[in-house]
Structures are given as C-alpha cells and as structure tokens.
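Chemist: Quick one, fold the following:
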Amino acid sequence: MLYRCKRFLLAAAAAIALAGGPTAQAKEPSRILSIGGAVTEILYELGAGDRLIAVDSTSQFPPEALKTHKNVGYFRALSTEGVLSVAPDAIIASDKAGPPEVVRALKASGIDYFEVNDDPNVEALTKRVRAIAGKLGQAAAGDALTARIEKGFADLAEARGRLPRNPAVLFVLSVQGGRAIVGGAETSADVVLRLAGARNVAMSLKGFKPVSEEAIIAMDPEIIVVMSRSSGPSLAQEILSVPGISATRAGRDRHLIEMDGLYILGFGPRAPAAASDLMRQLQAPAQSARARGSKG
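Modeler: Predicted coordinates:
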C-alpha cells in the first residue's frame with residue numbers, strides 16, 4: 001500500500017513537471033476535483049461546472065455534479081490513490097476533508113491543493129465564495145454571488161424581525177440504537193434554526209449528541225426538523241417511534257418537518273433560501289397552534 005501511494009505521488013509530480021512545473025500552477029485550473037458539497041455548489045454558481053473532472057459523494061447539488069463526474073468518495077474518508085487517479089490539476093476542498101494523513105499526502109503531492117473554510121456561518125460562506133472565485137480568476141462573479149447571498153440573509157433578518165414568536169424546535173440528525181442524535185450548540189443545525197427564527201431546545205448540548213428519553217421529554221419541542229431520505233422509510237416515521245418523542249408537543253401533534261440535508265445544513269449559496277423555506281414551514285404549525293388556542 002505504501003509503495004503504491006509513493007508511486008501515485010511520483011506520477012503526479014511527473015505530470016506537473018511535464019505541464020510546465022510551477023508556472024502551470026499559476027494558470028487558472030481546468031481539471032478541478034471538488035471536495036465538499038458547498039464547494040461544488042459554489043463552483044457551479046460561478047459557472048465553473050465545465051472545469052470539474054470529479055467530485056466527492058456529498059456533492060449532490062446540482063444533480064449533474066455526481067451524475068456526470070467521477071466520485072472519489074465521502075469527503076471525510078478520502079484515499080490518496082483514489083484522488084490522484086482522477087489526475088486533477090487542482091483540488092478545491094473543504095477544510096473539513098480528511099482523514100488528515102490523506103490531506104497531508106495530497107498537499108505534498110505537488111498538485112495545487114486549495115483549502116477553504118467550510119464553517120457553517122454567514123461570514124465563512126461569503127469568504128469561501130470570494131476565495132474560490134479568486135482561485136478561478138473570476139473575482140467579479142464572486143462579488144456578484146456574494147452580494148446576492150448577503151441580500152438573501154438581509155431579507156431573512158427582516159422577516160425574522162417580523163415573526164410573532166420563536167417556536168421551540170429540535171433538530172434530529174439521525175436515530176442510532178433507538179436514540180435520537182440531536183443538534184446542539186455549535187452545529188450547522190443550530191445556526192440554521194436560529195436563522196429561521198427558531199429556538200433550539202437542545203442548546204444545553206454541544207455538537208450532535210444522542211439524548212435519552214427523559215432529555216427529549218424535558219426539551220418538549222413544538223416541532224422536530226429532520227433530513228429527508230431518498231429511499232427507504234422516512235426518518236420522520238422512525239423518529240415517531242423513538243422513546244419520549246410521543247410525549248412531546250411535536251410528537252403528539254405530529255409536527256415534523258423533513259428537508260434535504262445538503263440544502264438545510266450544507267451552507268452553500270442556497271443557505272438563505274433554505275433558512276427562509278424552513279422559517280415558513282416552522283411558522284405554519286405555530287400559527288395552527290395559536291388558532292387552536294384562540295378557539296379554546
């Protein structure tokens with residue numbers, strides 16, 4: 001395995017030398033490997049989809065990204081040989097890519113490895129748009145896309161200020177061993193819930209954590225948000241069978257919202273629209289509850 005890895009690294013270095021050495025790296029990349037769903041979305045928004053030769057498995061939007069390009073696997077579980085086999089002249093990657101030893105090997109391979117901050121917040125999103133646009137030699141397009149994203153977040157803030165209330169919401173990432181894995185503080189789920197005008201009932205936790213039946217009952221969310229599945233039984237149906245859920249307001253009223261995972265948590269160019277869509281869906285159950293209360 002070590003021998004094969006070294007052989008790939010030597011082959012990559014030779015290809016770069018034949019292409020003109022360091023001067024080739026100064027050119028705008030034309031054979032890009034994109035690692036990270038948000039990175040791929042940004043590349044397409046900047047009109048660079050035709051420069052892609054491969055993507056990772058989280059690059060699910062636009063749909064043609066995975067349908068028309070080679071897939072190097074999950075971005076946190078890359079292999080050096082798999083990445084080098086697609087012969088990119090540049091890798092544009094989320095800083096969350098891994099494992100670390102593979103990222104180190106790729107950076108040492110001689111291939112242009114361009115890493116962007118993939119944190120789930122507004123400032124990081126606009127910075128990575130500008131960074132990627134600069135790498136592509138499309139600063140003006142990057143400024144235009146950034147302006148559009150910033151306007152989307154500004155419109156969202158105005159809408160948030162007009163909300164009559166902030167519903168109590170729980171984001172469930174998955175179910176493992178009969179326990180819900182929920183999004184606490186310092187997660188992409190918490191960021192998007194707050195952007196959508198919700199109150200995250202799992203803020204006492206940090207990260208995505210499994211919670212007990214007693215903890216879920218104590219949180220008592222009005223609404224539960226889950227990621228939709230492309231096949232098999234829905235996560236929403238599975239959630240309703242988790243101990244404790246039926247004792248919450250969301251469980252009793254079956255107030256569950258399903259949304260595409262990359263759309264809601266990916267923090268790509270669609271982030272303002274995703275938060276806005278979630279806000280509208282969160283307010284519908286809240287309005288229904290107020291209507292029932294006024295009749296009582």
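
Chemist: My understanding was that residue 198 contacts residue 166; is that so?
Modeler: Yes. The pair residue 198 and residue 166 qualifies as a contact (CB atoms under 8 Å) at a distance of 6.0 Å. For the C-beta atoms, the positions are set from N, CA and C on the backbone; glycine is no exception.

Chemist: quick one: which of the two has more around it?
Modeler: With neighbours defined as other CB atoms under 10 Å, residue 198 and residue 166 compare such that residue 198 has more, 28 against 16.

Chemist: Name whatever forms a beta bridge with the residue nearest to that one when sequence neighbours are not counted.
Modeler: In this structure, residue 198 finds its nearest non-sequential neighbour in residue 169, 4.0 Å apart by CB to CB, 6 or more residues apart in numbering. With DSSP bridges as the criterion, residue 169 is bridged to residue 200, residue 223.

Chemist: pretty sure residue 169 is in contact with residue 226, am I right?
Modeler: No. Contact criterion CB under 8 Å: residue 169 and residue 226 do not qualify, at 11.1 Å.

Chemist: Comparing these two, which residue is more hemmed in?
Modeler: residue 169 (29 against 24).

Chemist: List the contacts of that one.
Modeler: Residues near residue 169 by CB atoms under 8 Å, 6 or more residues apart in numbering: 193, 198, 199, 200, 201, 221, 222, 223, 224, 225, 282.

Chemist: Ignoring the adjacent residues along the chain, who's closest to the fifth one?
Modeler: Nearest residue to residue 201, sequence neighbours excluded (CB to CB, 6+ apart): residue 219, at 4.1 Å.

Chemist: Same question for the first one.
Modeler: Sequence neighbours aside, residue 200 is the residue nearest to residue 193 in space, at 4.8 Å (criterion: CB to CB, 6+ apart).

Chemist: Just to check, the one you found is in contact with residue 192?
Modeler: No. Assessed by CB under 8 Å, residue 200 is found out of contact with residue 192, at 9.7 Å.

Chemist: Just the helices from the protein, written as ranges.
Modeler: Listed in chain order, the helices of the chain (DSSP state H) span 2-18, 22-25, 37-45, 64-67, 80-84, 100-108, 122-136, 139-161, 188-195, 213-219, 235-239, 249-253, 261-265, 271-295.

Chemist: if you compare those, which one is most tucked away?
Modeler: With neighbours taken as mean count of other CB atoms under 10 Å, the helices of the chain reach their highest mean count in helix 37-45, at a mean of 26.

Chemist: Show me what that one is packed up against.
Modeler: With contacts taken as 3 or more CB pairs under 8 Å, 6 or more residues apart in numbering; DSSP states H and E, helix 37-45 sits against strand 32-35, strand 52-55, strand 90-94, helix 122-136.

Chemist: which residues sit in contact with residue 213?
Modeler: 242, 243, 244.

Chemist: Next, format these as a markdown table and append pLDDT and neighbour count.
Modeler: Output for those, formatted as a markdown table (pLDDT from 0 to 100; neighbours: other CB atoms under 10 Å):
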| residue | pLDDT | neighbour count |
| --- | --- | --- |
| 242 | 93 | 18 |
| 243 | 92 | 14 |
| 244 | 94 | 19 |
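
Chemist: Kindly indicate which of those residues lies nearest residue 45.
Modeler: Closest approach between the contacts of residue 213 and residue 45, by CB to CB: residue 242, at 37.3 Å.

Chemist: The nearest residue to residue 29 once chain neighbours are set aside bridge partners, please.
Modeler: Computed as CB to CB, 6+ apart, the closest residue to residue 29 that is not its neighbour in sequence is residue 90, at 3.3 Å. Applying DSSP bridges to residue 90 yields these beta-bridge partners: residue 32, residue 112.

Chemist: Just list the residues touching residue 90, thanks.
Modeler: 25, 29, 31, 32, 33, 111, 112, 113, 114, 135.
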